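**Student:** Predicted model follows, preceded by the sequence.
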Amino acid sequence: MTKIAIEFPGVKALSGVDFQVKTGAIHALIGANGAGKSTLMKILAGAYSHYTGSITIDGQQVEIRTPSAAKQLGIEIVYQEVDTALVPYLSVAENIMLDVMVNRMGKQQFVRWNEIHRSAQQTLNRMGVKIDTRELVQNLTLAQKQMVLIARALSEQARFLVLDEPTAPLSTTETQELFRLIKDLAYNNNVGVVFISHRLPEIFEICEDVTILRDGLVVTHQPVSEVRPLQVIELMLGHRFDETYPKTKVPIGEKIFEVKNLSTYDSAVGNASMYVRAGEIVGVAGLVGAGKTELSKAIFGALPQKQGEIYLKGRKITVRTPYHAVQQGLALVPEERRKEGVLVEEPVYINLSAASLSLFSSALGFLRGAAEHASARKVISDLGIKTPSDSQKVAYLSGGNQQKVAVGKWLVTEAEVYIFDEPTKGVDVGAKHEIFELIGKLVAAGKGVIYASCELAEIIGITDRTYVMYDHTIVKELVTAETNEAEILFYSTGGK
Amino acid sequence: MDAGALSKSDAQKQKFSNLAMNFLTKWGTIITIILLIGFFAISMPPFIKTSNLLTILRSISIVTVIATGITISLTVNGFDLSVGSVATFADSLVISAFVWYEFGLVPAILLALGGCLLVGLANSFLIVKLRIPDLLATLSMLFIIEGVAMTYTGGGSISEGMPRLDGTETFGRLDPFFKSIGSAPWIIVIMLVVVTVVHIFLNYTKHGRYLYVVGGNLEAARLSGIPVDRYRTLAYVLAALLAALGGVILGSRIGSAQINAGAGYLMPAVAAAYIGFSVGGAGRPNAIGTLMGAVLMGVLENGLVMMSVPYYSLNIVKGVVLAIALASTYFRKR
């Protein structure tokens, strides 16, 4: 791929990227969030048609503008979210042979079941994977689903296979199994594998070459044996254009909130312990999928807790559901704003009172509309929410203003501890700044703040102390003033 | 210059047509009711007589009460298909209480409402605890309660002086006041009170607000600390209670308990609740809209009968009106 460039409205996602893969080798593609890895691979897979630049295979220039064009050239991609590519209530064989059934049936109208199962079985045998082809995909484990997707790619005689963060949901043994398979594909079947991962140890374990992207540009392209982990991290981070973080000095008080040995049932969070002091912003750093969201939700009672204790102001509290959490004085600004944070179809004032309606209703439950509107208008002016009136539907506000609404509803409740999960996601620079200032005001008022983010610059910029998560557990506690992005990234990528 | 002026007037036209469309969506149902009344009044002067208008209101009251229950289940983005069976069950309970067990007025009605409250709780259990999709859970309950009601009455009807299936004589009489609630003015008063109370409950109490919030976005509601399971339970219990009230009025109206007496009210009630979505620009289930939906269908049915459209063809017209009303709600939603 040479001089690949693509723009999306308002963003130049890739600018002049050159990228080469050899067949029979494993090539790592890495970069921080938003560096353009996925975009580049999607271009290769034919998901976008409006890019510039050229793609050459075996010295011949080819045109890839549609997914089927990519497939015809033997390029297969296994996306990160396996569930989006599988049909859960169809069998393993049907899922493996899906592309064949869709594209290669021709005039044939009837399904030849025996043939489908036989070819699916052959593919699985070739991979050395033992899964019953008649099992329904919905009964499989995540690792098995991944295998099914890879099998699908192989059933199409792939020459190039792109794996986008395939190990994120896998356990150590499952990962080893996957690596064995990848090596087999590359060295015995002459497939060119592109391996995208955030986990540096894995890259050093199985890849020969590495390409590092940053802000839509290639930073380096060299054999893995010639680089060291810390060097990779430095290259990934580079120096960013200066963002300013309005961090005000706030005296830090007593410990007001503590979590001890918190675990969830599906081990989305394992044995997490952390504490927050009054006036302190505590970061939870980690890469996408490290378990930050799950930790936030488990603390808030939105994910069932298997074990663990939670203390607020020295008193042990039980948080079985978010309802209990709010009663006790916790607040969560969730990551998926439109899905979980705001009611997009409702006006601003209803959103702002959703968590505190009891304050605006009489003993019999009748609403005091005037008080509710007055409070809403106060929050709107305090936070500078840009809306024509408090009766505007939230759906019509910009992302940043929606986020302010999601935060604003908690300001009315007078919570003690505020949990923010990726609050700046999809928010423009100006609104980001305002959100940071808002968080600053909260701690100035003696509240505790937990700030989960995969944006390391933000963690460094606004927190006082930070916990680093890797593989669903807290692996390190760092004092922000004594650390830097490289160190956080080192622990986030599994460094010890 | 010319082109600019032209596009400006085009934009104005566009804006005007948007406004007109908005207006129609909001007030279409009510305009249609007025037009229909006007049309029927001109072509058949007796239509507009007070007695006939009261007849219309009377004819829609049971549907409206049941539909208000469905409306509440719709506010939490749920759906209660079992209301018809629940009405039948309430009818059986209240009549049997009078005829078989010689209960007084209050205990008889409480028995009917109490029995159906349990059905509401059972619905909530299936939906909230066992996580069966509401449509399917209440579909099961539709069958179960239909069967329970029939088993309870022994597969037959109950009326004054009629011996029980095993031949036992019955001496119970229907309470005189009970008999009167099924006819005007009581039946209309009850309907208007139910609509008013539910309207106030949904729009002016925090509980009503929570129901809408839960229906609007379950996950956001949960993460706002609203006890969502409690409010979903409440919605299905209220839906069952209102269906039971409909069944009690039905019992009074027909003076007996009949097999599947309430079943016929399910679909008109669903229709009324859905037509009501758009009324006044609410864009969501609401009590007054539901009443308007029921009025629309009542006016249509009454007028068409007076115009001697055969009863077996009425449903064609009703169905078409429903389709048009729903189109006005959903068409612009893209």
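**Tutor:** Now that the structure is in, tell me what you want to look at.
**Student:** gap between the helix or strand of chain B with the lowest mean pLDDT and the chain center?
**Tutor:** Using mean pLDDT, DSSP states H and E, helix B:2-43 stands out as the lowest-scoring helix or strand of chain B, at a mean of 75. Offset of helix B:2-43 from its chain centre (Cα atoms, centre = their mean, to the nearest Å): 29 Å.
**Student:** for it, packing partners?
**Tutor:** helix B:287-306, helix B:311-330 (3 or more Cβ pairs under 8 Å, 6 or more residues apart in numbering or on different chains; DSSP states H and E). (Glycine included, C-beta is placed from N, CA and C.)
**Student:** Output the ones you listed as CSV; include the columns mean neighbour count.
**Tutor:** As requested, the helices and strands packed on helix B:2-43 are exported to CSV (neighbours: other Cβ atoms under 10 Å in any protein chain shown):
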stretch, mean neighbour count
helix B:287-306, 23
helix B:311-330, 14
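**Student:** between these, which one is nearest to chain A?
**Tutor:** Set against chain A and scored by Cβ to the nearest Cβ, those come closest in helix B:311-330, at 14.1 Å.
**Student:** Please export the alpha-carbon coordinates of that closest one; CSV is fine.
**Tutor:** C-alpha atoms of helix B:311-330 as CSV (Å, rounded to 0.1, in the frame of the first residue of the first chain):
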residue,chain,number,x,y,z
TYR,B,311,-71.9,-4.3,10.8
TYR,B,312,-69.8,-7.0,9.0
SER,B,313,-68.2,-4.3,6.9
LEU,B,314,-67.4,-1.9,9.7
ASN,B,315,-64.0,-3.3,10.5
ILE,B,316,-62.8,-2.4,7.0
VAL,B,317,-63.3,1.2,7.7
LYS,B,318,-62.0,0.9,11.3
GLY,B,319,-58.8,-0.7,10.0
VAL,B,320,-58.3,1.9,7.3
VAL,B,321,-58.7,4.7,9.9
LEU,B,322,-56.2,3.0,12.2
ALA,B,323,-53.7,2.7,9.3
ILE,B,324,-54.1,6.4,8.5
ALA,B,325,-53.8,7.5,12.1
LEU,B,326,-50.6,5.4,12.6
ALA,B,327,-49.2,6.7,9.4
SER,B,328,-49.5,10.2,10.8
THR,B,329,-47.6,9.1,13.9
TYR,B,330,-44.8,7.2,12.2
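**Student:** Could I get the average pLDDT for that helix?
**Tutor:** Mean per-residue pLDDT for helix B:311-330: 82.
**Student:** what do you get for stretch A:142-162?
**Tutor:** Here the average pLDDT along stretch A:142-162 is 83.
**Student:** Tell me the buried residues in it?
**Tutor:** By neighbour count on 16 or more other Cβ atoms under 10 Å in any protein chain shown, the buried set for stretch A:142-162 is A:143-156, A:158-162.
**Student:** now do stretch A:60-73
**Tutor:** Residues of stretch A:60-73 classed as buried: A:Ile64, A:Ala70, A:Lys71, A:Leu73 (neighbour count, 16+ other Cβ under 10 Å).
**Student:** Tell me who's in contact with whatever residue of the stretch 301-450 of chain A ends up closest to chain B.
**Tutor:** Nearest residue of the stretch 301-450 of chain A to chain B (Cβ to the nearest Cβ) works out as A:Val326 at 2.7 Å. Going by Cβ atoms under 8 Å, 6 or more residues apart in numbering or on different chains, A:Val326 touches A:Ala355, A:Thr413, A:Ala415, B:Ser224, B:Gly225.
**Student:** Confirm that the third one sits in a helix.
**Tutor:** No. Using DSSP: H, G, I helix; E, B strand; the rest coil, the secondary structure at A:Ala415 is coil, not a helix.
**Student:** hang on, isn't it packed against A:Ala331?
**Tutor:** Yes. Judged on Cβ atoms under 8 Å, A:Ala415 makes contact with A:Ala331 at a distance of 3.8 Å.
**Student:** Distance check, A:Thr167 against A:Glu205.
**Tutor:** 10 Å (Cβ to Cβ, to the nearest Å).
**Student:** Which one's more surrounded, the two?
**Tutor:** Taking other Cβ atoms under 10 Å in any protein chain shown, A:Thr167 and A:Glu205 do not tie; A:Thr167 has more neighbours (23 against 13).
**Student:** and of the contacts of A:Val326, the nearest to A:Leu136?
**Tutor:** B:Ser224 (36.3 Å; Cβ to Cβ).
**Student:** Can you classify the residue of the stretch 301-450 of chain A closest to chain B by secondary structure?
**Tutor:** Reduced to three states by three-state DSSP, A:Val326 is helix.
**Student:** before we move on, what about B:Leu139?
**Tutor:** helix.
**Student:** Pretty sure it sits against B:Val83.
**Tutor:** No. Using Cβ under 8 Å, B:Leu139 is not in contact with B:Val83; the gap is 11.8 Å.
**Student:** neighbour count winner among these two?
**Tutor:** B:Val83 (34 against 15).
**Student:** Tell me how far that one lies from B:Tyr274.
**Tutor:** Applying Cβ to Cβ to B:Val83 and B:Tyr274 gives a distance of 14 Å.
**Student:** B:Asn315 now?
**Tutor:** 16 Å.
**Student:** In the strand or helix carrying B:Val65, which residues are buried?
**Tutor:** B:Val65 is part of helix B:50-75, with elements assigned from DSSP states H and E. Applying a neighbour-count criterion of 16+ other Cβ under 10 Å, one finds B:52, B:56-75 buried in helix B:50-75.
**Student:** Tell me who's in contact with the nearest residue to B:Gly28 once chain neighbours are set aside.
**Tutor:** Distance criterion Cβ to Cβ, 6 or more residues apart in numbering or on different chains; nearest residue to B:Gly28, sequence neighbours excluded, is B:Ser328 at 4.6 Å. Listed by Cβ under 8 Å, 6+ apart, the contact set of B:Ser328 reads B:Leu24, B:Thr25, B:Gly28, B:Thr29, B:Ser278.
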